[in-house]
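S.K.: Fold the stuff below for me.
(2 chains)
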2 protein chains.
Amino acid sequence: MKIALDAMGGDYAPQNIVHGAVLALRAYPHISRLFLTGDTPRVEAELKKHACNDSRIEIVHTTQIVDMADSGLDAVRKKKDSSISRAVDLVKEGKAQAIVSAGHTGAAVTASLIKLRTLPGVERPAIAAIMPSLGKHWILIDAGANPDAQAQHLVQNAIMGAAYARHVLGRQNPEVGLMSNGTEEEKGNAMCKETHRLIRAAGTQINFRGNVEGHDIWHNPPDVVVTDGFTGNIILKSAEALSHAIFDMVKSEIMASFRTKIGGMLAKPAFKRVHKKTNADEYGGMPLLGLNGITIISHGGASALAIQNALRMACESIRHEAGPHIIEAIKTHHDSAAPHANPTA
Amino acid sequence: MKIALDAMGGDYAPQNIVHGAVLALRAYPHISRLFLTGDTPRVEAELKKHACNDSRIEIVHTTQIVDMADSGLDAVRKKKDSSISRAVDLVKEGKAQAIVSAGHTGAAVTASLIKLRTLPGVERPAIAAIMPSLGKHWILIDAGANPDAQAQHLVQNAIMGAAYARHVLGRQNPEVGLMSNGTEEEKGNAMCKETHRLIRAAGTQINFRGNVEGHDIWHNPPDVVVTDGFTGNIILKSAEALSHAIFDMVKSEIMASFRTKIGGMLAKPAFKRVHKKTNADEYGGMPLLGLNGITIISHGGASALAIQNALRMACESIRHEAGPHIIEAIKTHHDSAAPHANPTA
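M.R.: Here you go, the predicted model:
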């Protein structure tokens, strides 16, 4: 498997990115080629730190840096020689099969969208985040690709998320919920209500639970939770931050007395297991669905572990390619919706 | 202080509501009159369970029940003799100074809006939720009153939230952040970007930090976080549910071995302190700002403790009346914005 890794994207790039690459090369022998796009001297210096001279690595030198204040479109149009642009080019040229980036999400989404194009019938790509809960994992879609979504985009998110849950996560007849401010059908903002109506109209193609609210997603989530990229990104980031904050609060309260300190030491293995379950770095990457190619988005603060896991997810996405299933599901939806949309045809 | 409590509103009404009323009457001698609106025999039966015959209680019999599937407007128009409608009537008639309800939020907001009207200059009321963090508390506004908000409503949320933070929570020059999917100015959906522009244009009246994202609200929140009622409600409910889910995960992992069980027992006081800090019932109620009267919204699953605390918040809201400060702040904003809005005037 051949992967292009954006070595300069992320708050701790290139150090964490290159470190993650080294860990992944050791762990995953099925990576046959790993392109590192970025500033050659800096990338080489990081590789040297880890005494890594793996022959599967190929550095692709780039000269431009995407700034967090650039718009996604500007980053792609004006910085053709950035590490993210070059990583996407490698997939476009057929040299690599997947891109991994922890950099500017808008730039990664826009570069992938412009260079790889959407799958037939797909209007907008969406980020699918794999989220933990007390029981099974669930998919949050869209976690940030399309903040100005319309109802028909959310219906496509439902279809793409369900196709991914079925064919990649192996869920039978995956259940879909629509994120809202209440479970009742009449709850929601205007876009949410319109989406609810359109998903209901899709009939049996979508196994629709109806609206879900904040409580449901952490206690009894469906397989797929559909929302727009603005709301989804806020849910994703605030959940990550809140779980860190709770662990920090517990740690600080445990340190407050001798008794609780001893208790904390004894209970440590339990904390570690919960931390592992809820730590975003254990998932590492989120696939960008709906494109003619595989892009895995990692978060800006990605650790080496997060990058290693994002590279693992890239391998899994190459193996269980979701694209053809998404094309088919979108086509089925269009075919069944067409007579209603155009009754005189 | 005279308060009207919706005794039939909430998932565990009337039992938790009446129990909370009994606790509040014991704890707060400054409550001089507590109206309980609801079905008299059921309310009396609950009072009897707690052997409560406090002379400050006055039951106001109501015959209609708001269903969670009713729209807020239908609930108010078609069910004039519901417990929430009657509670608002008591304030309108001057018999009570504040309403507390854990029932249908839309019905409580709509009844308050129609019967009490907005303060001069205020376009829409907004729910201000007091949220915990590692450090100081912060205000999330709007936590669910107005899911289809427009940018100018969000600017008013900023002004109302800051007035509340200053005059009720005692914050000096409260800092305001705008909820978005990234801290950079160009991040956000269209409404968020327009709100950003309008808040910047308000100049020094709003101490504006700029956009805040999911990480900021749990690690370094401003005093006030502004958003629409759809997003705000999702943030509020998912934070409550996620903190419960994390405690459940920790508990289940602690029970997995003898060593961690002993550790958990010793560390229990630390957990209790964190639980108390993060438990929504400790806050109990959220003021609905921007109305000509005081309405405190409690959550549907409110416990007796939550109702007791919502009644405490009603007392505090009567004491530190935010209304006049909100009127003044909205007026200052209108006066300073007017020359720009109407340059030929």
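S.K.: Pick out the residue closest to the middle of chain A.
M.R.: Against the mean C-alpha coordinate of chain A, by C-alpha atoms, centre = their mean, the closest residue is A:M286 at 1.8 Å.
S.K.: Please tell me how far that one sits from B:Y164.
M.R.: 37 Å (C-beta to C-beta, to the nearest Å). For the C-beta atoms, the positions are set from N, CA and C on the backbone; glycine is no exception.
S.K.: what do you get for A:N189?
M.R.: Applying C-beta to C-beta, the value for A:N189 to B:Y164 is 24 Å.
S.K.: A:G94 too?
M.R.: 59 Å.
S.K.: Which one's more surrounded, those two?
M.R.: Set A:G94 next to B:Y164 and count neighbours by other C-beta atoms under 10 Å in any protein chain shown: B:Y164 wins out with 27 against 8.
S.K.: Quickly find the element holding the more buried one.
M.R.: Per DSSP states H and E, B:Y164 falls inside helix B:151-167.
S.K.: Model confidence score at the residue nearest to the centre of chain A, please.
M.R.: Looking at A:M286, its pLDDT stands at 95.
S.K.: Then A:Q64?
M.R.: Per-residue confidence (pLDDT) for A:Q64: 92.
S.K.: Check which helices and strands the one helix or strand A:K268 maps to is in contact with.
M.R.: Assigned by DSSP H and E, A:K268 falls within helix A:258-278. Contact here means 3 or more C-beta pairs under 8 Å, 6 or more residues apart in numbering or on different chains; DSSP states H and E; on that basis helix A:258-278 packs against helix A:229-254, helix B:229-254, helix B:258-278.
S.K.: can you list these in CSV and add mean pLDDT?
M.R.: Below are the helices and strands packed on helix A:258-278 laid out as CSV (pLDDT from 0 to 100):
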stretch, mean pLDDT
helix A:229-254, 93
helix B:229-254, 93
helix B:258-278, 91
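S.K.: Compare these and give me the one nearest B:I65.
M.R.: helix B:229-254 (23.1 Å; C-beta to C-beta).
S.K.: and the closest one, what other elements does it pack with?
M.R.: In terms of contacts (3+ C-beta pairs under 8 Å, 6+ apart), helix B:229-254 is packed against helix A:214-219, helix A:229-254, helix A:258-278, strand B:126-131, strand B:138-141, strand B:175-179, helix B:258-278.
S.K.: now that helix, how far from the centre of its chain.
M.R.: The chain centroid and the centroid of helix B:229-254 are separated by 18 Å, computed with C-alpha atoms, centre = their mean, to the nearest Å.
S.K.: how many neighbours does the spatially closest residue to A:G232 that is not a sequence neighbour have?
M.R.: Ranked by C-beta to C-beta, 6 or more residues apart in numbering or on different chains and with sequence neighbours excluded, the top spatial neighbour of A:G232 is A:A143, at 4.5 Å. Residues within reach of A:A143, counting by other C-beta under 10 Å, total 27.
S.K.: hmm, back to that, quick one: the helix holding B:Y164 to chain centroid distance?
M.R.: In terms of C-alpha atoms, centre = their mean, the centre of helix B:151-167 is found 14 Å from the chain centre.
S.K.: Also compute the angle for that helix relative to helix B:229-254, please.
M.R.: Helix B:151-167 and helix B:229-254 are oriented at 60 degrees to each other (axes from the mean of the first three to the mean of the last three C-alpha atoms, to 10 degrees).
S.K.: so does helix B:151-167 get close to chain A?
M.R.: No - applying C-beta under 8 Å from any C-beta of the partner chain, one finds helix B:151-167 separated from chain A by no less than 12.3 Å.
S.K.: Tell me what angle that helix forms with strand B:126-131.
M.R.: Going by the same axes, to 10 degrees, helix B:151-167 makes 50 degrees with strand B:126-131.
S.K.: what's A:V212 sitting at in phi/psi?
M.R.: phi -120, psi 150 (degrees, to the nearest 10).
S.K.: Could you find the closest non-adjacent residue to it?
M.R.: Of all residues not flanking A:V212 in the chain, A:G177 sits nearest, at 3.6 Å (C-beta to C-beta, 6+ apart).
S.K.: Tell me what the one you found is bridged to.
M.R.: Beta-bridge partners recorded for A:G177 (DSSP bridges): A:G210, A:V225.
S.K.: what about the nearest residue to A:N211 once chain neighbours are set aside, distance to A:A108?
M.R.: In space, and not counting its chain neighbours, A:N211 is closest to A:S180: 3.9 Å by C-beta to C-beta, 6+ apart. Per C-beta to C-beta, A:S180 is found 28 Å from A:A108.
S.K.: Give the buried residues for the helix or strand hosting A:I330.
M.R.: Here A:I330 sits within helix A:323-341, counting by DSSP H and E. Judged by neighbour count (16 or more other C-beta atoms under 10 Å in any protein chain shown), helix A:323-341 contains these buried residues: A:323, A:325-327, A:329-330, A:333, A:337.
S.K.: Kindly report the same for stretch A:55-64.
M.R.: For stretch A:55-64, the neighbour count (16+ other C-beta under 10 Å) marks A:57, A:59-60, A:62, A:64 as buried.
S.K.: Name the helix or strand for the closest residue to chain B within the stretch 1-150 of chain A, please.
M.R.: Here the residue of the stretch 1-150 of chain A nearest chain B is A:P147; by C-beta to the nearest C-beta that distance is 4.4 Å. Under DSSP H and E, no helix or strand contains A:P147.
S.K.: my guess is it meets B:K193, correct?
M.R.: No - contact criterion C-beta atoms under 8 Å: A:P147 and B:K193 do not qualify, at 9.5 Å.
S.K.: if we look at stretch A:320-327, which residues are touching it?
M.R.: A:119-122, A:159-160, A:163-164, A:166-168, A:287, A:289-292, A:294 (C-beta atoms under 8 Å, 6 or more residues apart in numbering or on different chains).
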